[in-house]
Structure formats: C-alpha cells, structure tokens
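**Q** Only the shape, not the letters, is given here:
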DNA sequence: TATTGTTATACTCTATAACTATA
DNA sequence: TATAGTTATAGAGTATAACAATA
C-alpha cells in the first residue's frame, strides 16, 4: 500500500466537496456575500446591519420597548443599549420612559430617522437584488421560505 | 388627520414584515440558528467553525498551501496563520516548507487530525440535520443549490 | 423578589499595516 | 519588484456579571 497520499500543493481551486455538502457552510458563504454587498451599499447612509434592523423594527412597531426589540433582533440587551445610544445621538430615534412602567423605554423613530430608513431600505433592497442576481423571482421566494423554516418558531 | 400613530409598546412579537422581505435578513437569522447548533455539538471536539473548515479542506487537499487555503475559506492570511498555529500546536496538522518554493508551506493533516476530523464531521452533520429538521431531503438539496447560486463564481 | 435597562468588561472575529524570507 | 507567510494591532460583534431603578 502507498504510505502516504501524493501532495497536491496546487494553486488551483481547492476541493471543498465535503464542506459544500453541509447546509451550514453554504449558508455561511452566501451570508458573507450578501453581508458585503449590504455594507457597500449602506456605507453612504452610515448604517450597520444591526442599526438598519433596529430602524426597521422600530418603524413598524412604534413605542416598542427594548426587551421586545432585543428579542426580535436576537441581540443581547447590553449591546442593544449601546446601539440605541448611537442612533439616539444621531437623532434617528427617541427613548422615553413608559409612564405606565417606568422601567421600560418606549422607542420611536424621529422624522429624520424615518426619512433615513426610507432611503436605507432602498439600498438594502438593492444589495439584496444584487446578491440574488441569478435567482428568478420564484426562486427568491422559495429561498426565503426555506430559510424561514430553519429559524421560525 | 391623526398627528401620530398610536404607540404599541407591546411585549408581543414585533412585526418584522419589512425585514423578512429581504433575503439577507432571512439568511442571517438562519445562519445564527445553524451556527449555534454547530457550536453546541462541536464543543466536545474543541473546534470552532473556521478550524473545522480548515481540517476539511486540508484533508481533501493534502499539501495545499496557505494562500489557496485562505482563498478557499475566505479568511485573511494573517488570521489563517494564527488559526494554523493553534491546530499545529494541537498536533492536528503539519506545516512543511515546499522544497520547490521555500516561501510556501505545505499543510497536511496528521493521523490524529484526520481522526478528529472524522468525528467532527459527524457532529457537523448532526448539527446540520437538526437545523434543517423541518425540510425534506429534496428541500435541503434545493436550499443548498439556491445558496450556491449566490456565492459561486 | 423579579424585571428593564445600563455599565463595564472580556472574548472572538475580522481587517490592515509592516515586516521576513524567498522568488 | 512581487509573492507567501508572519507579527502586531485595531476594530467590530457578541456575551456575561454586576448594578440601578422600578415593579
């Protein structure tokens, strides 16, 4: 028997057959692509992914508290706090104590925040479309439905 | 006209309709799930995702150099160097200078590395299966194919 | 006592610049 | 002059413990 396999040492593309058999690896690779397109197109709005997501949820859930926001976005509360600090400092949203439960903060977009979110959503949709360039409209819906089966409760 | 929308301030699930319309957001949420399942099941092997991927590629491409490895895994060369340091310190792989080009390092798994990878691959497959629990075999293949269309060249 | 949110902190991941040794 | 790999370092993302205010 051969004592060891012949070294390949090529500069060609590496064989990744085994990794590509895993959904998780494909998911990661696709996520890297879409993340980078998103960041590119969102740079002019100076918004990171988590910040964009916050604006979106707050816009559609005005007066949401931070606990619900943190849960919806799967972000740890301390990290949400600093994230909101930045957005509040940019006057994109406000935090007000809930008069009915003074522990809670009610989060709402400012007019300026709503305006920025409107523009940012277009940029996000652009990035999305660029990423799924080679997918038909039906395939895009199919993909979203399959992904949702993984993370939805 | 109403001057402002009625605050919701609910602890119920937040409306995420707009975010869920984006492939990227669904991708991220699914990625978080699969990542956490992977980490759980890979803990007993003390392997992170990037380390597992390295073992996989090296196993299928013995003698690969670090440049090709970094490209295949979309990892920056400095980060790959420290990653390989750890795996080499654990005697899971070896780095040898290429006699034909002494700048390059030929990376190979040790017997111990190959053995660990074998067990780790089972754990990775387990995590994968747990994540796509609600998908049929056909849907899993479909999902991988759709994802590959996003990141493949 | 439990809950909301904050501060401080640490750990991982990722990215870049500057260096070495070879080519 | 260019390339493979390394070192050092900085930044972002994420996680936990300890705390203050309120319930």
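**A** Arrived safely, thanks for sending. Here the structure is a predicted model, which is why all the values come from computation and not from measurement.

**Q** ok, the helix or strand where residue A:79 lies near chain B or not?
**A** Element membership for residue A:79 (DSSP states H and E) is helix A:77-89. No - judged by Cβ under 8 Å from any Cβ of the partner chain, helix A:77-89 stays clear of chain B, getting no closer than 12.7 Å. Quick note: C-beta positions are derived from backbone N, CA and C, even for glycine.

**Q** Helix or strand next in line after that helix, which one?
**A** That would be, after helix A:77-89 and using DSSP H and E, strand A:93-98.

**Q** Which neighbours in the sheet does that next one have, and how are they oriented?
**A** Strand pairing for strand A:93-98, using DSSP bridges, gives strand A:101-109 (antiparallel).

**Q** tell me the angle of the strand it pairs with relative to helix A:77-89?
**A** On the basis of axes from the mean of the first three to the mean of the last three Cα atoms, to 10 degrees, strand A:101-109 is oriented at 50 degrees to helix A:77-89.

**Q** contacts for strand A:101-109?
**A** Strand A:101-109 is contacted by residues A:55, A:58-59, A:62-67, A:69, A:84, A:92-98, A:117, B:7, B:9 when judged by Cβ atoms under 8 Å, 6 or more residues apart in numbering or on different chains.

**Q** 10 Å instead, please
**A** A:54-69, A:80-81, A:84, A:87-88, A:92-100, A:114-117, B:4-5, B:7-9, B:11 (Cβ atoms under 10 Å, 6 or more residues apart in numbering or on different chains).

**Q** Wondering if the helix or strand containing residue A:127 reaches chain B at all.
**A** Secondary structure from DSSP H and E places residue A:127 in helix A:111-131. Yes - judged by Cβ under 10 Å from any Cβ of the partner chain, helix A:111-131 comes into contact with chain B at A:117, A:121, A:124-125, A:127-129, A:131.

**Q** Now that helix: average pLDDT?
**A** In this model, helix A:111-131 has a mean pLDDT of 98.

**Q** got it, and stretch A:76-85?
**A** Averaging pLDDT along stretch A:76-85 gives 98.

**Q** Any buried residues in it, and which?
**A** Within stretch A:76-85, the residues that count as buried by 16 or more other Cβ atoms under 10 Å in any protein chain shown are A:80, A:83-84.

**Q** go on, stretch A:13-29?
**A** For stretch A:13-29, by 16+ other Cβ under 10 Å, it's A:14-16, A:18-20, A:22-29.

**Q** pLDDT at residue A:7, what is it?
**A** 40.

**Q** Can you tell me which residues in chain A are near DNA strand C?
**A** Residues of chain A lying close to DNA strand C (Cβ under 7 Å from any atom of the strand) are A:65-67, A:70, A:77-78, A:80-82, A:84-85, A:95, A:101, A:103-105.

**Q** quick one: which of these is nearest to residue A:142?
**A** Distances from residue A:142 to those, taken as Cβ to Cβ, are shortest for residue A:70 (30.5 Å).

**Q** ok, the nearest residue to residue A:130 once chain neighbours are set aside - contacts?
**A** By the measure of Cβ to Cβ, 6 or more residues apart in numbering or on different chains, the closest residue to residue A:130 outside its immediate chain neighbours is residue A:37, 5.2 Å from it. Contacts for residue A:37 (Cβ under 10 Å, 6+ apart) come out as A:124, A:126-131, A:133, B:24, B:150.

**Q** how much space between residue A:37 and residue A:128?
**A** From residue A:37 across to residue A:128, the span is 8 Å (Cβ to Cβ, to the nearest Å).

**Q** and for the two, which residues touch both?
**A** Any residue near both residue A:37 and residue A:128 by Cβ under 10 Å, 6+ apart counts here, and that gives residue B:24.

**Q** pLDDT below threshold where in chain A?
**A** A:1-12 (pLDDT under 70).

**Q** try 50 this time
**A** For chain A, applying pLDDT under 50 flags the ranges A:1-10.

**Q** Report the central residue of it.
**A** Centrality entry for chain A: nearest residue to the mean C-alpha point is residue A:49, 4.8 Å, by Cα atoms, centre = their mean.

**Q** Now it: closest residue in space, sequence neighbours ignored.
**A** residue A:38 (6.2 Å).

**Q** Off-centre distance for the helix or strand containing that neighbour?
**A** Residue A:38 is part of helix A:23-42 when elements are defined by DSSP H and E. Distance, stretch centre to chain centre, for helix A:23-42: 10 Å (Cα atoms, centre = their mean, to the nearest Å).

**Q** What angle do helix B:23-42 and it make with each other?
**A** Relative orientation of helix A:23-42 versus helix B:23-42 (the same axes, to 10 degrees): 140 degrees.

**Q** relative to helix B:111-131, how tilted is helix A:23-42?
**A** Put simply, helix A:23-42 runs at 80 degrees to helix B:111-131, going by the same axes, to 10 degrees.

**Q** Since that was my last question, I'll sign off now.
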